[in-house]
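In: Structure for this input, please:
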Amino acid sequence: MLDPSERHLLTDALRPPGGHRVDVAMATTYTVDLQSVLLAPLAMAAYDHADSGLDAATPVALLESVRRHAEHTTVLCQAGGVHVPPTYPRLAAFAEGMVAEVEPPRGHTFHPKIWLLRFVDESGTRRHRFVCLSRNLTGDRSWDTVLVCDEEPTSARTFDAAPVAAWALDLLGSLVRPLAAAREDGLRDLCAGLPGVRFSVPEPFTAAAVVPMGAGADLGWPLPDESAAWAVISPFLEVSALRRLPRTSGRRVILSRPDAFDRVGRRACADAETVVLQPMADLASPDESLEESPRGPTEAGQHGGVPRGLHAKVFVWDDGVGTSHVLTGSANCTGAAFGGNVEMAVVLSGPTATCGVASVLGDDRSGLLRLTQPHEIEEQEPTADPTYDLERRVEAWHVALAAARPRLLVEQDEDENAYTVRLDLSLPPDPDGFAATTTVKPAAVANAPAQPVGGDLSWGPVSLHGLAPYLVVVTEAASNGVEVRRDCVLVCEVSGAPDDRHRRLLRALLARQQDVLRYLMLLLGDLGAEALLDRLAATDDDPEAAGAGGAFGRGFDDLVLVEPLLRAAARGDEALGRAHRLLEDLRDETGQLPQLDEEFQTIWRVVWEGASS
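Out: Purely as a prediction, here's the structure:
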């Protein structure tokens, strides 16, 4: 049953099993926001506050998780599918290589939402996980589904991972620009290890199979011509797909959004129960009012807010002889989803009594249907939606801009800490004339002026932090009395930035000894560090204690950092190596560590040399 009272978090799906760490991870998504990109490594590092979002995470924990996991985590999104952040997160500099754009098939979209993860334990044994969602990697609070399947070779009910590997590997040929060699090698190695892997089938289902679409693996329409009953949950509908649903004399249910029903008309949904979510189902909490809950389509160009409402995509059908099937993933009930888009879904099969239409939906007293209400479609025939059509055209323009591979060229100013950034972009064909109403600016430069696209564009002076590979694009379009505004971020190549940019940014973030010691305690993973971290935080917040010397004024021994260092050396795990890499990255141009006093550096040298000998 799709029980709305059972909530699942993506952060739970990304956490490694006990005794394991994330070795390599690959995600696909239609749209993505940079805050969610930062949250993924936080979950992989298994920090408790990952469930509460970035606001609850300490800066040190967030920085450490991003530095640890960004190099082996890659997020593929549709070109032009990165949301514009309200402000550019300072820690995003350390995750800049994680996001790569995919150029979708012409006239279609790159729309899959999956995670492929490989975990390793201390012995090097590998385990894999496959996560198939309807949710993009964004801060949406919409109603979605998630399917989590772990590698379980001894389970009696499993399905083959090889089709997932072939599909994922093919995606690498559609990237707007090549990945860094080490990152691509990691993804190829991940895919190469999947053939032969068996993922577990969740109860109460008895069988499963992946349904890859696009990317060279199109299995066509997955539903049968006839069934005993069926149900469709989809926020977007098209007449062509509705007409292909199985013929049946039994129950037919379509759960969608009011605007989607209005576009297809009453004839396309004839003889089916048409239902929508109740308005109260959109509220994030009982105290939130309807006026505070924004509504509107989640994938129709709305990049600025936190979308709500129905976003799940589920097809259920009963075969009439005791078996039912559930298709879940990224595919809407549209012709494009099954006829050209890049999508991923899984079909799960099991007994009708526990997996059929009635069981999955429940009724008006239990299950998902208790949050729905009937919807009467006013028009018999389909209704044109010029706003939606214009949004799709503007989106295609942004895809074309991304595919033109914009570059940001960096030039050093007279001030060694200031730079000028120039845009190198050859405009693609523009039959709609959108270039005339399109502006661009660097995403990481606060208060940077937006300039009309085209011509010789530059911005300066720009700080080291502002040399990020992201370009904000805004297009305002009008056609037939309809106006649309769409913004996005394009991933750019940056040429001419200092080679040590990230090390210099790291030194700026960890400029005080307190900051470095907090980070070291986190890296060492010592169970006795929590009280020390609390003491450090209290000292920072107490000006009187700080004026008297604070915790650091009482000497290094009081900080008992010697014991965690020695315990890490005795364990012989990766903790001490991570600490060493941090300190090496913090060294300035002369090789010194100005943030740390000589007493700490002496103790560190003794411990490191002893552990290395």
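
In: how about the closest residue to residue 3 other than its chain neighbours, phi and psi?
Out: Of all residues not flanking residue 3 in the chain, residue 367 sits nearest, at 6.2 Å (Cβ to Cβ, 6 or more residues apart in numbering). To be clear about C-beta, it is placed using only N, CA and C from the backbone, and glycine gets the same treatment. Backbone geometry at residue 367, expressed as degrees, to the nearest 10, gives phi 80, psi -170.

In: Please spell out which residues along the helix or strand hosting residue 129 are buried.
Out: If you go by DSSP states H and E, residue 129 is part of strand 126-133. For strand 126-133, burial by neighbour count (16 or more other Cβ atoms under 10 Å) applies to 127, 128, 129, 130, 131, 132, 133.

In: nearest to residue 237, of those residues?
Out: Among the buried residues of strand 126-133, residue 133 lies closest to residue 237 (Cβ to Cβ), at 20.2 Å.

In: one step back: what's near enough to touch the residue nearest to residue 3?
Out: 1, 2, 3, 4, 360, 361 (Cβ atoms under 8 Å, 6 or more residues apart in numbering).

In: Pipe those into TSV and attach distance to residue 276, secondary structure and pLDDT per row.
Out: Shown next, in TSV, are the contacts of residue 367 (distance: Cβ to Cβ, whole Å; DSSP: H, G, I helix; E, B strand; the rest coil; pLDDT from 0 to 100):
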residue	distance to residue 276	secondary structure	pLDDT
1	20	coil	67
2	15	coil	78
3	19	coil	80
4	14	coil	78
360	17	helix	94
361	14	helix	93
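
In: ChimeraX command to pick out the buried ones of the residues you listed?
Out: Typed into ChimeraX, the line below selects the buried ones among those, using 16+ other Cβ under 10 Å:
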select :1,2,4,360,361
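
In: Go through this protein and flag its longest helix.
Out: Assignment by DSSP state H gives helix 386-403 as the longest helix of the chain.

In: per-domain residue ranges of this protein.
Out: 10-197, 229-374, 405-499, 510-612 (automatic domain parsing).

In: Of all those, which one is nearest residue 211?
Out: Once the domains of the chain are compared by Cβ to Cβ, domain 229-374 is nearest, at 4.4 Å.

In: got the contact list for residue 372?
Out: 255, 275, 276, 277, 278, 281.

In: what packs against the strand or helix carrying residue 21?
Out: Per DSSP H and E, residue 21 falls inside strand 20-29. Counting contacts by 3 or more Cβ pairs under 8 Å, 6 or more residues apart in numbering; DSSP states H and E, strand 20-29 packs against helix 34-44, strand 73-78, strand 114-121, helix 162-171, helix 181-192.

In: looking at these, which is closest to residue 100?
Out: Going by Cβ to Cβ, the one of those nearest residue 100 is strand 73-78, 5.5 Å.

In: so after the closest one, what's the next helix or strand?
Out: Counting by DSSP H and E, what follows strand 73-78 is strand 99-102.

In: Now do that next one, average pLDDT.
Out: Mean per-residue pLDDT for strand 99-102: 98.

In: Stretch 404-413 too?
Out: 97.

In: ok, and for stretch 157-164, which residues are buried?
Out: Buried positions in stretch 157-164, judged by neighbour count with 16+ other Cβ under 10 Å: 158, 159, 160, 161, 163, 164.

In: no no, stretch 334-354
Out: Judged by neighbour count (16+ other Cβ under 10 Å), stretch 334-354 contains these buried residues: 334-350, 352.

In: Just give the strands next to the helix or strand following the strand holding residue 129 in its sheet, each with its orientation.
Out: Sequence order places strand 146-150 as the next helix or strand after strand 126-133, per DSSP H and E. If you go by DSSP bridges, strand 146-150 pairs up with strand 126-133 (antiparallel).

In: Of all the domains of the chain, which one is nearest residue 385?
Out: domain 229-374 (5.3 Å).

In: what about the closest one, distance to the chain center?
Out: Here the centre of domain 229-374 is set off from its chain's centre by 23 Å, with Cα atoms, centre = their mean, to the nearest Å.

In: What's the end-to-end length of it?
Out: Using Cα to Cα, to the nearest Å, the end-to-end distance of domain 229-374 comes to 19 Å.

In: Okay, helices next: where are they in the stretch 151-300 of the chain?
Out: Here the stretch 151-300 of the chain has its helices, by DSSP state H, counting those that start in this stretch, at 162-171, 181-192, 239-242, 258-268.

In: Also the stretch 301-450 of the chain?
Out: 352-355, 357-361, 386-403.

In: among the ones you listed, which is nearest residue 145?
Out: helix 357-361 (10.7 Å).

In: I'd guessed residue 137 sits against residue 27; true?
Out: Yes. Assessed by Cβ atoms under 8 Å, residue 137 is found in contact with residue 27 at 6.2 Å.

In: Now do the shared contacts for these two.
Out: 40, 75.

In: And the residue nearest the centre of the chain, what's its pLDDT?
Out: Centroid check for the chain by Cα atoms, centre = their mean gives residue 137 as the closest residue, at 2.8 Å. Looking at residue 137, its pLDDT is 96.

In: Tell me the spacing between it and residue 190.
Out: Distance, residue 137 to residue 190, using Cβ to Cβ, to the nearest Å: 18 Å.

In: separation between residue 428 and residue 434?
Out: 10 Å.

In: which sections of the chain are below the confidence cut-off?
Out: Residue ranges of the chain with pLDDT under 70: 1, 46-57, 216-218, 282-307, 526-560.

In: change it to 50
Out: Applying pLDDT under 50 to the chain flags the ranges 48-49, 284-306, 527-530, 539, 543, 545-558.

In: who touches residue 196 in this structure?
Out: 161, 162 are the contacts of residue 196 under Cβ under 8 Å, 6+ apart.

In: the strands in the stretch 301-450 of the chain, which residues?
Out: With strands called from DSSP state E, counting those that start in this stretch, the stretch 301-450 of the chain shows them at 314-318, 323-329, 343-351, 372-374, 407-412, 419-424, 438-442.

In: helices or strands up against the fifth one?
Out: Same thing as strand 407-412. Counting by 3+ Cβ pairs under 8 Å, 6+ apart, strand 407-412 packs on strand 419-424, strand 493-495.

In: Go through these and pick out the most buried.
Out: strand 419-424 (a mean of 19; mean count of other Cβ atoms under 10 Å).

In: Could you name the helices and strands sitting against it?
Out: strand 407-412, strand 457-462.

In: buried stuff in the last one?
Out: Think strand 457-462. So strand 457-462, judged by 16+ other Cβ under 10 Å, has buried residues 457, 459, 462.
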